[in-house]
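Trainee: build the 3D model from these lines:
(chains A and B)
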Amino acid sequence: MPYEKRLSVCGLCGGKCFVNLYMENREIAYVEKAYDRSDVNGNICLRGAALKQYLNHPDRLRHPLLRAGAKGSGDFRRISWDKAFELIAERLKKDRDNENAKATVFFSGHPKWYRYMLSELARDYGTPNYCTESSTCFTAADIAYKLCYGMPVQRPDLKECRTLICWGANPAYTKLDSVNGVLDIIKRGANLIVVDPRITPTAARATLHLRPRSGTDGALALAIANVIFSEGLTDDGYLRQYAHGIDDYKDYVSNFTPDKAERITGVPANDIIAAGRMIGNDTPLSIFTSSCGIAHTPNGVQNYRAVFLLEAITGSFDCRGGNHGGLNPSVKLNGGHHAAKARVNVEEEFCAGRFPVWNELVNNEGQAMCLDEAILNGSPYPIHNLIAFGMNYGMFPDSERMRRALLNTEFFVDVDLFMTDSARCADLVLPAEAAPEMEYIYAIKQNRLIYLPPVIDSGNCLNDVEIILGICRKLGLNGKFTGMRTYDEYLQWMLEPTGLNLMDLKAAPEGLPARRLSAGSSERFKSGLKTPSGKIEFASEVLKKFDSRSGYAALPEFNDYLSFNPDKGRYPYVLCAGAKLPQFFHSRTYRLPWLSNLEKHTAVSISPEDAQNIGLEDGSRLRLSTPVGERVFLTNVDSGVPSGTVFVMHDGIENQNINELISAEYYDPVSGFPGFRSYFCGIQEVGGRE
Amino acid sequence: MSRIVCDDSACIGCLCCVISCIDHHYKETEIKAVPLRRYKKVMLASGLSQYITESCRHCVRAPCAAACREKAVYKDEFGFVQVNTELCNGCRSCEVACPFGIPSFNEAGHMVKCDGCCGNVPACVLACPRGALSLK
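Mentor: Have a look, this model is predicted:
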């Protein structure tokens, strides 16, 4: 075979699936999972299998570009990196010299690996305004978990749980590296409960599948707790020792009988009873959630709390088989996904005050959903400069408004892989490298580490940290991080907790074992949790401080969003935006023809019954209207969709972005998360087919 | 017989096999690539709407080969049924002859179908995250 085999990481979704790239004349011929290496996690999904179309896409950015025409026109001219950094520094220095550093916002889209450095840049530059796409993704779940347990969401123990609830997650489409771990628990005789309105490949294999109406997860969780209490299946010893507010909570869940929950959620009372018995009798319980399946509703954080507290009443939290942070010592690297430095002058941040619980529990980033308001209306103060990595206005509710905000910035820099719709609105567009194009270090199996050099030449692109360091240099910043002169210094800092030296690791192509491991994190609650009471808070002392605010109840109360429907006659359907198909990942793979050509009409899925009632067939045109606007889509009739709810793929492009039709004023008052998954819509047949 | 079989109870319809098949047989610039492994969405008994995938069975006495007047369809040394696209005139006799609905046709009208990855471990078998595919 003429191909040269090179080990790399796909990285298309930000994951760390190891792949073999088969190279011919320095171009990828094809990609396979690294099946021949037992020391790494070799995986590939269909999106990764299209890696060469992704990396070599004609929309890839290859040079820094400066706007040459009107803002948003897409008219750019090439400039040098040095000139690009110079322009950014000049602009930022001017505001800083006028003691107005806070007029600059630093933003990170979905890529995460460089976020620590971006937060350091914001901090050393002097602005409190650092925010990320996690404002619609994972932060709400973390807030809920912190309210209960004083720590971010802990991982499920797939190997040793007796019951796993896969709640609002379908790893068969979205997390193929976990799907075997989830489905294998049935093989070993444990229970798999899937909570999902849709019938998914994961749900179809479950021991028990519960299908609540989208956004009613809290009511379902409270009713399951009701069964566990009323049948005497709680772990009372555990609760006596570690629970705070358990009596009030028990009183509250006594209202949520299975019959009442059936009326709210649509899940048959008998199934709720079966779930309560299964969970209560067969512990430990682990809960596997997706980042935001539960969060995108006005009661999102409270719903999440109700779900997460099931871990506590069964005595499973932080125990073997329950959700925990890893029991054994393991390799930890500095930096990483959600790491970010605490912000400076948080009280001056652009959405301080709007979300006080966020501000108390998430000290390292702001709620980005306030961004359009700040830019467009100068509220609470004007924002001039937006320095973004991977901006996508399509992820904001009422997306057109966010697009307008981008066009209204004085100076907008966007770093991206592709010339996206958002990048087109920028003054300066900078080309980033993809994972196989950059050098990086990875923790692999058996507490080893490996350094991977770039496999593909990116031309004139730089990796995100190199771009951040370029800006720092021109700004003359000199902090521990912002003063780094080379990317190698950053990699060496990443390695610090392992006791390894970067040069040694670079010289060992097969990797090296870590010299130092970081401690496992089990049984932390015995020394007191980082909640105000030091215990598991069924009644939250943090929320209690703000309980005059609507939605901030100390108990995980359920409030139904249906009362927000402004016109039940016009909008009789629940709109669940953000449903997933295997071929799409955020807005990142719509542009890949191999993936987007797989199915012609994927945007809107409705049940066969609803389709029949409205007079729709597969492929016929429909008009979807919401209180914000309307748009024509093609119908996808899907027998796995419950009637009464319409499921729409998220972050589409070319007039298929459903987020444009969701109000920015419809959000969870605790987290600020938009109500993407529980909005309202009407559907009409408009005649014609694709 | 050399054919790729799928354990339906393990398949989750993730389509890794289909895109890996495309990746192994086409350049990224061939945006209208027709996968050699077929896929379709079906409604299963559970109500689940799921993709299922299928490859040529490489029949011992292949009706498609018998039906091809141009002798474009033939058996190779591994027992796989192959298509010589230079000889294929797009008459679609193979499509009529195949009892399993396997032949697809590319933009040029030539028949495309699973080539068994010509003696290597097939791309689809290697890609399947569930281990549902095997070469029998």
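Trainee: use CA for all of it now, contacts and neighbours both
Mentor: Will do.
Trainee: which strand or helix spans residue A:31?
Mentor: Following DSSP states H and E, one finds residue A:31 within strand A:27-33.
Trainee: buried set for that strand?
Mentor: Residues A:28-33 are the ones in strand A:27-33 that count as buried (16 or more other C-alpha atoms under 10 Å in any protein chain shown).
Trainee: distance to chain B and pLDDT added to the residues you listed, as CSV?
Mentor: Shown next, in CSV, are the buried residues of strand A:27-33 (distance: C-alpha to the nearest C-alpha, whole Å; pLDDT from 0 to 100):
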residue, distance to chain B, pLDDT
A:28, 9, 97
A:29, 8, 97
A:30, 6, 97
A:31, 7, 98
A:32, 7, 97
A:33, 7, 96
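Trainee: just the closest of these to residue A:99, please.
Mentor: Among the buried residues of strand A:27-33, residue A:28 lies closest to residue A:99 (C-alpha to C-alpha), at 49.5 Å.
Trainee: quick one: secondary structure of the closest residue to that closest one other than its chain neighbours?
Mentor: Distances taken as C-alpha to C-alpha, 6 or more residues apart in numbering or on different chains place residue A:22 nearest to residue A:28, at 5.8 Å, with adjacent residues excluded. Following DSSP: H, G, I helix; E, B strand; the rest coil, we place residue A:22 in the strand state.
Trainee: picking that back up, now for the strand holding residue A:31, which elements pack on it?
Mentor: In terms of contacts (3 or more C-alpha pairs under 8 Å, 6 or more residues apart in numbering or on different chains; DSSP states H and E), strand A:27-33 is packed against strand A:18-24, helix A:51-55, helix B:16-25, helix B:123-127.
Trainee: residue numbers of the stretch 501-650 of chain A in contact with chain B?
Mentor: When proximity is defined by C-alpha under 8 Å from any C-alpha of the partner chain, the stretch 501-650 of chain A lies next to chain B at A:582, A:593-595, A:638-640.
Trainee: now rank these by neighbours and give me the top one.
Mentor: When neighbours are counted by other C-alpha atoms under 10 Å in any protein chain shown, residue A:594 leads these with 27 neighbours.
Trainee: now the helices: where do they sit in chain B?
Mentor: For chain B, applying DSSP state H gives helices covering B:16-25, B:63-67, B:93-97, B:123-127.
Trainee: can you spell out which helices and strands pack onto the last one?
Mentor: Read it as helix B:123-127. strand A:27-33, helix B:16-25, strand B:133-135.
Trainee: now render the ones you listed as JSON lines, adding distance to residue A:68.
Mentor: Shown next, in JSON lines, are these (distance: least, C-alpha to C-alpha, whole Å):
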{"stretch": "strand A:27-33", "distance to residue A:68": "32"}
{"stretch": "helix B:16-25", "distance to residue A:68": "38"}
{"stretch": "strand B:133-135", "distance to residue A:68": "53"}
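Trainee: worst average pLDDT in those?
Mentor: Among the helices and strands packed on helix B:123-127, strand B:133-135 has the lowest mean pLDDT, at a mean of 93.
Trainee: sheet-wise, list the partners of that one with their directions.
Mentor: strand B:4-6 (antiparallel) (DSSP bridges).
Trainee: list the buried residues of the partner strand.
Mentor: Result for strand B:4-6 [16+ other C-alpha under 10 Å]: buried residues B:4-6.
Trainee: same check on stretch A:247-255?
Mentor: Within stretch A:247-255, the residues scored as buried using 16+ other C-alpha under 10 Å are A:249-250, A:253-254.
Trainee: show me the shaky parts of chain B.
Mentor: B:1 (pLDDT under 70).
Trainee: which residue would be the closest one in it to chain A?
Mentor: The nearest approach of chain B to chain A comes at residue B:16, 4.1 Å away (C-alpha to the nearest C-alpha).
Trainee: count of neighbours near that residue?
Mentor: Residue B:16, neighbours per other C-alpha under 10 Å, totals 26.
Trainee: so which of the helices and strands packed on strand A:27-33 gets nearest residue A:491?
Mentor: So among the helices and strands packed on strand A:27-33, strand A:18-24 is nearest, using C-alpha to C-alpha, at 19.3 Å.
Trainee: thought residue A:500 was touching residue A:515?
Mentor: Yes. Residue A:500 lies in contact with residue A:515 (C-alpha atoms under 8 Å); the separation is 6.3 Å.
Trainee: those two - which one has more neighbours?
Mentor: Taking other C-alpha under 10 Å, residue A:500 and residue A:515 do not tie; residue A:500 has more neighbours (18 against 13).
Trainee: now do the SS call for that one.
Mentor: Applying three-state DSSP: residue A:500 is coil.
Trainee: against residue A:508, how distant is it?
Mentor: Residue A:500 is 12 Å from residue A:508, where distance means C-alpha to C-alpha, to the nearest Å.
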